[in-house]
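>>> prediction below, plus the sequence it came from.
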Amino acid sequence: MLLRVRVTLPDRPGTLGQVARTLGVSGADIVQVVVLERLGGRAVDDFTVVWPGAARVERLLAGLAAIPGVRVDGVWRAIGAPTTTGQDAELLAQVAANPADGLATLVDAVPGLLAADWAVGAVVPLDWASRGGGTGGATVGHASWRAPVPPQLPEVTPLRGRSMTTPDGTHHAIAPFGRAGLVLVVARERSETLSAAAFHSTEVDRLTQLVRASAVILGDRLDLVGAPPVIAGP
């Protein structure tokens, strides 16, 4: 299976090589490495690896924990092939090519881009905060194929790009479209055997840019998301 492994490590020569060697010895085949952050002598790296389905992840975690200064921030299943920012432009081109299904195209693609479980484009009512959040009053414009029914949405107000974690351990990234109360919510769920990392600030920034660009492309079409259908008279 394809796994995403996020580690925080000392930003010094040799440490990245130690992590890569440990992953290989543990049975992981590295297919992509993405540096999310370098700050204050520390780095945050995402490794996408092919991991033997029958092997125990504990072996991998033990090997990484033995490296001085290395901390494992999360290990979770990645959906689809490793992605790069170059695919963001391709996604926006698809949205522009078929704006009638633009929101659905964006929502369906985002989980794969961010190694998430599901995404929902929801319309949040003006009195969302007074209703106590949750799904009450929110209209789902489109949900990706793995989204629960009904989706358990976090408290998304104030509407700004950010990440958050709900009490059940689900990590969310939130990005508003800037019109019609429409917001994109992306989720990574906790499983019994794996624990996903929270959305990093660079991932939230990437999501926010995709949503903003899509909002420019789709324009007034977004005002129709979640609106009741118009029924023609006899």
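Done, it's in. Numbering: from 1, shown residues only.
>>> phi, psi of Gly121?
phi -100, psi 110 (degrees, to the nearest 10).
>>> who does it form a beta bridge with?
Residues in a beta bridge with Gly121, per DSSP bridges, are His142, Leu184.
>>> what helices and strands are in contact with the longest helix along the chain?
Ranked by number of residues, the top helix in the chain under DSSP state H is helix 201-218. The helices and strands touching helix 201-218, judged by 3 or more CB pairs under 8 Å, 6 or more residues apart in numbering; DSSP states H and E, are strand 29-39, helix 86-97, helix 102-113, strand 162-165, strand 171-176, strand 182-188. Where you see a C-beta, it was placed from the backbone N, CA and C, and this is true even at glycine.
>>> kindly recompute the last result at 6 Å.
helix 86-97, strand 171-176 (3 or more CB pairs under 6 Å, 6 or more residues apart in numbering; DSSP states H and E).
>>> which of the ones you listed sits most buried?
strand 171-176 (a mean of 24; mean count of other CB atoms under 10 Å).
>>> which among the helices and strands packed on helix 201-218 is found nearest to Val50?
helix 86-97 (19.5 Å; CB to CB).
>>> alpha carbons of the closest one, as CSV, please.
Only the C-alpha atoms of helix 86-97 are listed here, as CSV (Å, rounded to 0.1, in the frame of the first residue of the first chain):
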residue,chain,number,x,y,z
GLY,A,86,2.5,21.0,-11.2
GLN,A,87,-0.8,19.1,-11.1
ASP,A,88,-2.5,22.1,-9.5
ALA,A,89,-2.4,23.9,-12.9
GLU,A,90,-3.8,20.9,-14.6
LEU,A,91,-6.7,20.7,-12.1
LEU,A,92,-7.5,24.4,-12.6
ALA,A,93,-7.5,23.8,-16.4
GLN,A,94,-10.0,21.0,-15.9
VAL,A,95,-12.2,23.3,-13.8
ALA,A,96,-12.0,26.0,-16.5
ALA,A,97,-12.7,23.5,-19.3
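>>> and Gln18, how far from Gly24?
11 Å (CB to CB, to the nearest Å).
>>> could you list the low-pLDDT ranges of this protein?
Scanning the chain with the threshold set as pLDDT under 70 gives 54, 80-85, 126-137, 226-234.
>>> what do you get if the cut-off is 80, keeping everything else the same?
Regions of the chain meeting the criterion pLDDT under 80 cover residues 53-55, 79-86, 125-138, 156-159, 180, 192, 224, 226-234.
>>> who's more crowded, Gln18 and Gly24?
For Gln18 and Gly24, the more surrounded residue by other CB atoms under 10 Å is Gln18, and the numbers stand at 17 against 13.
>>> so can I have TSV of the helices and strands packed on helix 201-218 showing distance to Thr193?
Below are these laid out as TSV (distance: least, CB to CB, whole Å):
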stretch	distance to Thr193
helix 86-97	29
strand 171-176	16
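>>> check which helix or strand Thr8 maps to.
Here Thr8 sits within strand 2-10, counting by DSSP states H and E.
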